[in-house]
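Engineer: Please find the sequence and the predicted model below.
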Amino acid sequence: MVHSRPGIQEASSVSFRPDVRIDMEEHNGPLLTASSSEDRTNWDHITDLDDFFRRIYDYYQGGGFRCIFWHEILSLVQFIFIVFVSTFFIQCVDYEILFNNKAVNIIGNSTDFPRKRQFGDAVDGNCASHLPPLVVACILVATIYWIFRVIRTGVLLLKLTEIQLFYNRALRIDDADLSNLTWESIVRAVCNAQGRIQLLVHDSSISSIHIYHRILRFKNYVVAMVNQDLLPPLISIPFVGDLRFLPEQLKKNLEWMFFLGFCSPFKGSYTLQDEYRDRNRLEEMAENMEKVTTYLGLASLIFSPLVFLYQCLYYLFTAADLTKRDAGALGNRSYTNYGRYRVRHFNELDHELKGRLNRSHAFASAYIAQFSSKLVVVFARKISFMAAAIFVILTGLSVWDEDVVQIEHMLTVITVCGMIALACRSIIPDENLVYQPEVLLNHVTSELHYVPEHWKGNAHDIRWFLFQTAHEFESLFRLRAINLLEEIFSPFITPFVLLFYVRPGCRSILSFLLDNTERVEGLGDVCSFALLDVAKHGDPSWQKMDEDGGDERGGNHPNRPIMATIVGRDVAHDGKTEMSCMQFAIRHPDWIPPPATANFIQNLRDKMERDAMAVGQGAGLVRNAFSESIHTILSMPLGGAGMNHLLGGGVSGYPMGGEERGIMSGMERTLEKSLRQSGHESIVDSLREQVGAEMRVSSLYLRGIRADKKKKVYSSMGPADASMFAVPLMETTMAPRSSTFQYPSEDEMERGEAMRRVEEEEEGEDDDDMPPRDFPI
């Protein structure tokens, strides 16, 4: 059913206080209207605030009016270039003459004597008069599409002038200053300007969560559908296995079908249509959507040859540009569209997601490189040696005497040998790479946040002669060459995916929209997952901080988080609701979340502070989920201080503004003070230099708590916890400070050894080549 929810408010000048409840304010008047003033300097005339805020974000990401203007103009020129060059080289060049397979009479003006052939000799100057009908039809379709893009670009640039005026007058920000500002500062400027410009005429204030909801209204739905395994479709391919197929073309078709098209369930940007709200008409609406999917699939099939031709040319030129800038670019890896949506938080903008993926890229590449086939590497080394030798010899001869180049196919041989050598080098792993997949995967997990739980402790798991975890991770992190091939052939695959995979799932998707759409006063219909309410979409197993559900200090919490009681589709998988709440609270400390979410964040902060205090009082040697999380960040498997930029600026790198803000600010001070007093200055310095963003530690910490709770076998063996690396941990109960380190007793050591044996029997692992899993701080 579609729910109704009062407006969400946020005071930008109030620091985060989990114990403060959200004040509900009833709004009178139309739901999403603005005043009719035509004075553009007042900014109260905007009727589509979603589009307006998206353009504010795109303007910031694009770097200002001048950068966006030239980007759009040169994109139009690039399209003409692709069509012209492809037509010219296919129809207007006589390759028999170009390859010197046909004699050409070359006559001078006064005397007959031969001269060198020129490229113009192979060009048919009258080719435009005898173009085949199929080529003419393709050029006509391309021209119509280009005219459509010109109109779209003109409308976009007109809107950009309004956004430029908004930045300059309302926010008092010049284009030259955009590169020096963060997005959070832009959001604060918009919130502070609300009192003067009245973007929302029915509310005196505007909040960061309100802006995010408008920018990401439909993307939050897609993120939720991917989390619930509704999208993308799972395709089973013989001898390959299951594959999540989500190229750009299919993604755009799905967005048009369900959100942006004239046949979509949404009426404009804000409202789910009334007929889609009625559960009694769900079957009827599902049949209509199936018809729309059928028509769209057939239309995609009809135009697939033209789209395929354009995709081939575009991605061929793209691959050439990548190879020119980086010879091994096609051998590198990148995250797939499915992987990006899988690890994306609710209410996370594109640049925020890109930052996390970029920070994880080096660790992810190093992790996949751990599983290179030694046999393949042997062949690659020898082939690379022979190809490089031929390349060097022929290149040297060509430098010595240029006539060597004129030998038939000589340049071809040199080019092919060079490409073979580069391709083989991309297969050969770095000889300095250390085999430690568990550590590398933990670094990847600290940035991606959403990975299957069975990956933990099984980074090098082998099943059916495959490295299972690495094989699953490759579905998120594939070779760039494979991604390019997927995009090139997507015009032929997408129609069949729409007809045979998306069409049967229309009813499930519409049912999801019906069940998980909530109306917020002053905002419209939004995905209820994006409201970040752990009481509705949270997972109780991710919210329970202590074994008994109470405060370890014995305190009672009257506002204890309301645990989600709805099972199945209403519960976000992989702790996405909890993780999303944490990341938004860290990025926007002034955000006032729903009461249950506020209590969850406060409880998590309290437990982290207690564990940090325990680590400090134990002279840095106490092992708990927090110390393991910190240790994962401090491990530098890629070597030395040169990789510090991959780990961000550390927990202390976030500006605190003189007050405790975020989840870990108080915990960080407690840990730092305790370690300094116990004489561990080096650990403090390492913490400040190498620890990444707060979210990295928080996500690992929360996953560590959940992993500990799931290991029921440890509950009967005492209070010892399980570490991130599946080794028994010392008891974290706080004790009086002592400067003398106490070694564990024989009973404790025997208990730890017994737990280790139980774990090995449970997992059935007996791998002598496993890297050490006990990493003391």
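Structural biologist: Received the coordinates, thanks.
Engineer: What's the local residue count around Leu140?
Structural biologist: Look at Leu140: counted by other CB atoms under 10 Å, it has 10 neighbours. (Glycine included, C-beta is placed from N, CA and C.)
Engineer: Look up phi and psi at it.
Structural biologist: phi -60, psi -50 (degrees, to the nearest 10).
Engineer: how close does it get to Phe79?
Structural biologist: Distance from Leu140 to Phe79, counting by CB to CB, to the nearest Å: 15 Å.
Engineer: what stretches of the stretch 601-750 of the chain score poorly on pLDDT?
Structural biologist: 618-622, 633-693, 710-750 (pLDDT under 70).
Engineer: What is the burial count for Gly195?
Structural biologist: 10.
Engineer: Name the SS class of the closest residue to it other than its chain neighbours, please.
Structural biologist: In space, and not counting its chain neighbours, Gly195 is closest to Ser204: 6.7 Å by CB to CB, 6 or more residues apart in numbering. Secondary structure, DSSP: H, G, I helix; E, B strand; the rest coil: Ser204 is coil.
Engineer: tell me the pLDDT at Ser204?
Structural biologist: On pLDDT, Ser204 comes in at 80.
Engineer: give me the element the closest residue to Leu156 other than its chain neighbours is part of.
Structural biologist: The spatially closest residue to Leu156, leaving aside those adjacent along the chain, is Glu72, at 6.6 Å (CB to CB, 6+ apart). Here Glu72 sits within helix 65-91, counting by DSSP states H and E.
Engineer: got the buried residues for that helix?
Structural biologist: 65, 68-69, 72, 79, 82-83, 86-87 (16 or more other CB atoms under 10 Å).
Engineer: quick one: which two of those residues are the most distant?
Structural biologist: Across these, no pair lies farther apart than Phe65 and Thr87, at 33.7 Å, counting by CB to CB.
Engineer: The residue nearest to Gly195 and Ile151, how far apart?
Structural biologist: For Ser204 relative to Ile151 (CB to CB), the value is 39 Å.
Engineer: go on, Asp539?
Structural biologist: For Asp539, the distance to Ile151 - CB to CB - is 47 Å.
Engineer: can you check Phe258 too?
Structural biologist: The value you get for Phe258 to Ile151, if CB to CB is used, is 25 Å.
Engineer: out of the two, which sits in the busier spot?
Structural biologist: Phe258 (25 against 10).
Engineer: So the more buried one is in contact with Cys506, correct?
Structural biologist: No: taking CB atoms under 8 Å as the definition, Phe258 is not a contact partner of Cys506, at 9.1 Å.
Engineer: Sketch out the low-pLDDT regions of the stretch 301-450 of the chain for me.
Structural biologist: Judged by pLDDT under 70, no stretch of the stretch 301-450 of the chain qualifies at all.
Engineer: just the helices in the stretch 51-200 of the chain please.
Structural biologist: 65-91, 95-98, 133-165, 183-197 (DSSP state H, counting those that start in this stretch).
Engineer: Show the average pLDDT along the first one.
Structural biologist: Meaning helix 65-91. On average, helix 65-91 scores 93.
Engineer: What is that helix packed up against?
Structural biologist: Helices and strands touching helix 65-91, as assessed by 3 or more CB pairs under 8 Å, 6 or more residues apart in numbering; DSSP states H and E, comprise helix 49-62, helix 133-165, helix 304-325.
Engineer: Strands of the chain, start to end?
Structural biologist: With DSSP state E, the ranges of strands along the chain come out as 3-5, 234-237, 241-244, 266-267, 271-272, 333-335, 462-463, 466-467, 477-479, 517-520, 524-527.
Engineer: Out of the helices and strands packed on helix 65-91, which is closest to Ile173?
Structural biologist: helix 49-62 (9.3 Å).
Engineer: now for the closest one, which elements pack on it?
Structural biologist: Against helix 49-62 (3+ CB pairs under 8 Å, 6+ apart) you get helix 65-91, helix 133-165, helix 183-197, helix 208-215.
Engineer: again, only this time at 6 Å
Structural biologist: The contact analysis (3 or more CB pairs under 6 Å, 6 or more residues apart in numbering; DSSP states H and E) places helix 49-62 against helix 133-165, helix 208-215.
Engineer: May I have stretch 45-54 exported as CSV, CA atoms only?
Structural biologist: C-alpha atoms of stretch 45-54 as CSV (Å, rounded to 0.1, in the frame of the first residue of the first chain):
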residue,chain,number,x,y,z
HIS,A,45,8.2,30.5,-9.4
ILE,A,46,9.7,27.0,-9.9
THR,A,47,7.1,24.3,-10.6
ASP,A,48,9.4,21.3,-11.0
LEU,A,49,11.7,21.4,-8.0
ASP,A,50,13.1,17.9,-8.8
ASP,A,51,14.4,19.0,-12.1
PHE,A,52,15.7,22.2,-10.6
PHE,A,53,17.7,20.5,-7.9
ARG,A,54,19.0,17.9,-10.4
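Engineer: out of everything not next to it in sequence, what's closest to Phe492?
Structural biologist: Ser304 (5.3 Å).
Engineer: Point to the residue nearest the middle of this protein.
Structural biologist: Taking CA atoms, centre = their mean as the criterion, Arg340 is the residue nearest the geometric centre of the chain, at 3.6 Å.
Engineer: any idea how far Leu160 is from it?
Structural biologist: With CB to CB as the criterion, Arg340 and Leu160 are 26 Å apart.
Engineer: And for Pro233?
Structural biologist: 36 Å.
Engineer: Repeat that for Pro247.
Structural biologist: Pro247 is 29 Å from Leu160, by CB to CB.
Engineer: and those two? which has more neighbours close in?
Structural biologist: Pro247 (23 against 19).
Engineer: contacting residues for the more buried one?
Structural biologist: 486-487, 490 (CB atoms under 6 Å, 6 or more residues apart in numbering).
Engineer: Same check on Lys709?
Structural biologist: Per CB under 6 Å, 6+ apart, neighbours of Lys709: none.
Engineer: I'd like to know how far it sits from Gln543.
Structural biologist: For Lys709, the distance to Gln543 - CB to CB - is 11 Å.
Engineer: Check Gly522 too.
Structural biologist: For Gly522, the distance to Gln543 - CB to CB - is 29 Å.
Engineer: Same question for His460.
Structural biologist: 32 Å.
Engineer: higher neighbour count, these two?
Structural biologist: Between His460 and Gln543, counted using other CB under 10 Å, the more crowded position is Gln543 (27 against 22).
Engineer: thought Leu272 was touching Thr517?
Structural biologist: Yes: in this structure, Leu272 is within contact of Thr517 by CB atoms under 6 Å, at 5.2 Å.
Engineer: Quick check: neighbours shared by these two?
Structural biologist: Asp525.
Engineer: Counting neighbours, what do you get for Ala388?
Structural biologist: Neighbour tally, Ala388, other CB under 10 Å: 17.
Engineer: ditto for the one 3 residues further on
Structural biologist: One way to gauge burial is a neighbour count; for Phe391, by other CB under 10 Å, it gives 20.
Engineer: ok, it - contacts?
Structural biologist: Per CB under 6 Å, 6+ apart, neighbours of Phe391: 417-418.
Engineer: can we see that at 8 Å?
Structural biologist: 414, 417-418, 421 (CB atoms under 8 Å, 6 or more residues apart in numbering).
Engineer: would CSV of the residues you listed with distance to Gly616 and neighbour count be doable?
Structural biologist: Converted to CSV, those look like this (distance: CB to CB, whole Å; neighbours: other CB atoms under 10 Å):
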residue, distance to Gly616, neighbour count
Ile414, 63, 20
Cys417, 60, 20
Gly418, 57, 18
Ala421, 54, 21
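Engineer: Among those residues, which ones are in helices?
Structural biologist: Judged by DSSP state H, the subset of the contacts of Phe391 located in helices is 414, 417-418, 421.
Engineer: Tell me the one of these nearest Phe584?
Structural biologist: The closest of these, once distances to Phe584 are taken by CB to CB, is Ala421, at 47.8 Å.
Engineer: where does the closest one sit relative to Ile427, distance-wise?
Structural biologist: Ala421 is 11 Å from Ile427, by CB to CB.
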